[in-house]
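Chemist: Fold the following and give me the result.
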Amino acid sequence: MVNKNVAFPNLKTSRLHLRQITENDLENIFAGLSHPEVIRYYGVSYSSLDATWEQLEWYAELERTHTGIWWAITLKGANDFCGAIGFNNLSREHQKAELGFWLLPNFWGKGFVQESMQVIMEYAFNDLRLHRVEAFVETENKSSQKALLKQGFQQEGILRDSEIKDGRFISVAVFSKLSDKNEDG
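Modeler: This next block holds a predicted model:
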């Protein structure tokens, strides 16, 4: 899907610049994925800067294998790092991918997830030519569920007690959004 001969697809909104995640983002990724409120409903967390390299390697591997693409969300102009958003489990065969996102707490409540999601969903359907984007959200994570619904995602169901987190079973809500284009484009 992402052609290795093509430059990384930087995306812009009125307030944000979505760019490739680089090694220079390590401290910001650690700040987010070690923060108790960010990782409360997130499947990944790190306890050290060194361990966070694993996450940067994962982002790079998605690009290298064409199985996903994640962007750093930054403020346009100021270049302040706000969080990350992107796709993984990208399947060419089935024309679908899984959406994920997180923000540092000082950027919550400003509409940045909505703004970022809008532009990457356009990229998913127009450039990647996906038919379906899905998201799996812990049932207790009402904020992310609300963000998905605002973008036109529909809840398909709940996978009850489908994962173990912190020694207890959790349920996950399944959301999806389909392209409004037919299969022929």
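Chemist: The protein: strands as residue ranges?
Modeler: For the chain, applying DSSP state E gives strands covering 11-12, 16-20, 69-75, 81-91, 96-103, 132-138, 154-165, 168-178.
Chemist: Identify whichever of those lies nearest to Glu27.
Modeler: The closest of the strands of the chain to Glu27 is strand 81-91. By C-beta to C-beta, the value is 8.8 Å. C-beta here means a position set from N, CA and C on the backbone, and glycine is covered the same way.
Chemist: what is the mean pLDDT for that closest one?
Modeler: For strand 81-91, mean pLDDT is 98.
Chemist: Walk me through which strands it pairs with, and which way each runs.
Modeler: Paired with strand 81-91 in the same sheet, following DSSP bridges, are strand 69-75 (antiparallel), strand 96-103 (antiparallel).
Chemist: quick one: buried residues of it?
Modeler: By 16 or more other C-beta atoms under 10 Å, the buried positions in strand 81-91 come out as 81-88, 90.
Chemist: what do you get for stretch 168-175?
Modeler: Judged by neighbour count (16+ other C-beta under 10 Å), stretch 168-175 contains these buried residues: 170, 172-175.
Chemist: How about stretch 44-55?
Modeler: Residues of stretch 44-55 classed as buried by neighbour count (16+ other C-beta under 10 Å): 45-46, 52, 55.
Chemist: Scan this structure for its longest helix.
Modeler: The single longest helix within the chain, with elements called by DSSP state H, is helix 49-65.
Chemist: and the angle for that one with strand 81-91?
Modeler: On the basis of axes from the mean of the first three to the mean of the last three C-alpha atoms, to 10 degrees, helix 49-65 is oriented at 40 degrees to strand 81-91.
Chemist: average pLDDT across helix 49-65?
Modeler: In this model, helix 49-65 has an average pLDDT of 96.
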